[in-house]
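*Asks:* show me how the following folds:
(chains A, B, C and D)
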2 protein chains.
Amino acid sequence: MSNAVVPSVAVPSRTEAVLDALKHAILTGGLPPGQSLVENELATQMGVSKTPVREALKTLAGAGLVTMSPYKGATVRTVDDVLAHSVYDIRLLLEPEALRRAVAADGSASAHWRSAADALDRADQCTDRADRSLANRDFHRALYLGCGNELMVGILDGLRDQTALVSAVVWNRTPSWEQEATEHRAILDAVLAGSAERAATLLHSHIAAFVERNFGKARTS
Amino acid sequence: MSNAVVPSVAVPSRTEAVLDALKHAILTGGLPPGQSLVENELATQMGVSKTPVREALKTLAGAGLVTMSPYKGATVRTVDDVLAHSVYDIRLLLEPEALRRAVAADGSASAHWRSAADALDRADQCTDRADRSLANRDFHRALYLGCGNELMVGILDGLRDQTALVSAVVWNRTPSWEQEATEHRAILDAVLAGSAERAATLLHSHIAAFVERNFGKARTS
DNA sequence: CGTTCGCACATCGTATACGAAATATCCAAT
DNA sequence: ATTGGATATTTCGTATACGATGTGCGAACG
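*Replies:* Predicted structure coming up:
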């Protein structure tokens, strides 16, 4: 009873504030892989004590975005080609399947498709790589959000975050965002047409093509 | 330089000790789902301060074994049928694929198959449900360990842990370990015969059968 | 007698303090 | 000049203290 009449401004705990700030900085490249994260520095820099910083770092470590070694400190996780392949490998297995289910379940009438389209429009207007990367993240997420398996959504969210780390490595290689935008549109068309199988196939090809473009020539094995 | 000549007895930090203790207690059912985990209680009970307890709880929350609400405390995660279905749903997608790759990569000559067989033998000798559950965990893990994708191993480990939570719900329904043991043997036989496809199919059937037995009205793939 | 207000308790969130481990620095001895 | 080791510094790990927040029970009031 006596709930705050106003939706209770949702005061975020300091731990959450630090967590969001760090995560955003990592995902947008503000904190590049390998960057060392000293607890005291971050604490004074953000005007809080070490405790929330530690808890945020531990959460990020659990999500795979940060590596912590005892008495050596925390760093933004560095990604090698092996990890990058692992991430896309699993995305290839799960993401098309999730999209297939989402289309099969909701048909062409779902609020998620609207937000997917919005994300694409937003991506087109962006000039900054980091912003476009965020918009593309939203697009992919909108595709698998309706898959009906909350746990799968969580796993794909985590993989998507790690993908952002990978981006920091591949950005210099082949900036082919126009190609990606075209493929995104094709996927969305298939989704809106209600053809689950075609959408899933296109999404699979899209991810595979990204891997091929950015890692195909580099990897020996 | 001058690394400890002796492999350095691997002094575990208090946080790790608490983490292992809590995790083990949760997975074996010593701490049943819904059990409230009060920081101060656990701290005094384990002879440490609140800090390592908090960090351990946060890690467990990240792994999905514990739920934390601000100012309300932590509890062992309660599993409903929806979550249980989600877990097995994803396992059905990933675990057979992982086994297929492991067999294809290592053939019938892999140390993992040996430990898988050991796990089965151990399970047969167990009389306690919790111990047999642990042994079965080891068996499944041995199957996917050689899949060649470390990230996938991590995800499957997490799913397997949540499966233990599910077990706490399922235990009362249909205790059919003998059936499971038979299926396990069949899978291992296929693995040792080097037939990746058959092993994967059997594993898929094995998991699906488990879901069918315990949740009946499940929708399979 | 039912409802509501308020206070006390329980528990968490955060800050601060201190000890432990690792790393960097500097000086002496060869 | 180089190497070895002792020391200083940095950084983390843990403990403790304190304020913030939610919860429940009892008393006052209608």
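*Asks:* low-scoring stretches of chain A, by residue?
*Replies:* When residues are selected by pLDDT under 70, those of chain A lie in A:1-10, A:169-175, A:217-221.
*Asks:* domain parsing for it?
*Replies:* According to automatic domain parsing, chain A comprises the domains A:14-76, A:81-215.
*Asks:* the last one: end-to-end distance?
*Replies:* This points to domain A:81-215. 8 Å (Cα to Cα, to the nearest Å).
*Asks:* helix or strand: which one has whichever residue of chain A sits closest to chain B?
*Replies:* For chain A and chain B, the shortest gap (Cβ to the nearest Cβ) falls at A:Gly62, measuring 3.4 Å. Quick note: C-beta positions are derived from backbone N, CA and C, even for glycine. A:Gly62 is located in helix A:50-63, with elements delineated by DSSP states H and E.
*Asks:* tell me how many other residues crowd the residue nearest to the residue of chain A closest to chain B when sequence neighbours are not counted.
*Replies:* Of all residues not flanking A:Gly62 in the chain, B:Gly62 sits nearest, at 3.4 Å (Cβ to Cβ, 6 or more residues apart in numbering or on different chains). B:Gly62 has 17 neighbours, counted by other Cβ atoms under 10 Å in any protein chain shown.
*Asks:* with A:Asp157 instead?
*Replies:* The local packing of A:Asp157 (other Cβ under 10 Å) involves 15 other residues.
*Asks:* who are the contact partners of the residue nearest to it when sequence neighbours are not counted?
*Replies:* Nearest residue to A:Asp157, sequence neighbours excluded (Cβ to Cβ, 6+ apart): A:Arg141, at 7.0 Å. Contact partners of A:Arg141, counting by Cβ atoms under 8 Å, 6 or more residues apart in numbering or on different chains, are A:Leu156, A:Asp157, A:Arg160.
*Asks:* nearest to DNA strand D, of these?
*Replies:* Minimum distance to DNA strand D across the contacts of A:Arg141 is 26.0 Å, recorded for A:Asp157 (Cβ to the nearest atom of the strand).
*Asks:* packing partners for the helix or strand hosting that closest one?
*Replies:* Applying DSSP H and E as the criterion places A:Asp157 in helix A:150-170. Applying 3 or more Cβ pairs under 8 Å, 6 or more residues apart in numbering or on different chains; DSSP states H and E, we find helix A:150-170 packed against helix A:14-27, helix A:81-106, helix A:129-144, helix B:81-106, helix B:150-170.
*Asks:* of those, which is nearest DNA strand C?
*Replies:* helix A:14-27 (3.2 Å).
*Asks:* for the next helix-or-strand element following the closest one, packing partners?
*Replies:* As assigned by DSSP H and E, the chain's next helix or strand after helix A:14-27 is strand A:36-37. On a contact count with 3+ Cβ pairs under 8 Å, 6+ apart, strand A:36-37 meets strand A:73-76.
*Asks:* picking up where we left off before, in JSON lines, list the contacts of A:Arg141 along with distance to B:Ser36.
*Replies:* Shown next, in JSON lines, are those (distance: Cβ to Cβ, whole Å):
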{"residue": "A:Leu156", "distance to B:Ser36": "31"}
{"residue": "A:Asp157", "distance to B:Ser36": "28"}
{"residue": "A:Arg160", "distance to B:Ser36": "33"}
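*Asks:* for these, which one is nearest A:Gly216?
*Replies:* Comparing those against A:Gly216 with Cβ to Cβ places A:Arg160 closest, at 21.4 Å.
*Asks:* give me the nearest residue to the closest one, chain neighbours excluded.
*Replies:* A:Arg160's closest residue in space is A:Arg137 (Cβ to Cβ, 6+ apart), at 5.8 Å.
*Asks:* one step back: out of the domains of chain A, nearest to DNA strand D?
*Replies:* domain A:14-76 (3.4 Å).
*Asks:* quick one: that closest one to chain centroid distance?
*Replies:* 17 Å (Cα atoms, centre = their mean, to the nearest Å).
*Asks:* same question for stretch A:80-90.
*Replies:* Between the centre of stretch A:80-90 and the centre of its chain there are 14 Å (Cα atoms, centre = their mean).
*Asks:* list the buried ones in that stretch?
*Replies:* The neighbour-count check on stretch A:80-90 (16 or more other Cβ atoms under 10 Å in any protein chain shown) flags A:Asp81, A:Leu83, A:Ala84, A:His85, A:Ser86, A:Val87, A:Tyr88, A:Asp89, A:Ile90 as buried.
*Asks:* determine which two of those residues are furthest apart.
*Replies:* Pairwise distances across these (Cβ to Cβ) peak at 15.3 Å, for the pair A:Asp81 and A:Ile90.
*Asks:* I'd like the buried residues of stretch A:80-90 laid out as CSV, including distance to B:Arg100.
*Replies:* Below are the buried residues of stretch A:80-90 laid out as CSV (distance: Cβ to Cβ, whole Å):
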residue, distance to B:Arg100
A:Asp81, 23
A:Leu83, 22
A:Ala84, 22
A:His85, 17
A:Ser86, 16
A:Val87, 20
A:Tyr88, 18
A:Asp89, 13
A:Ile90, 14
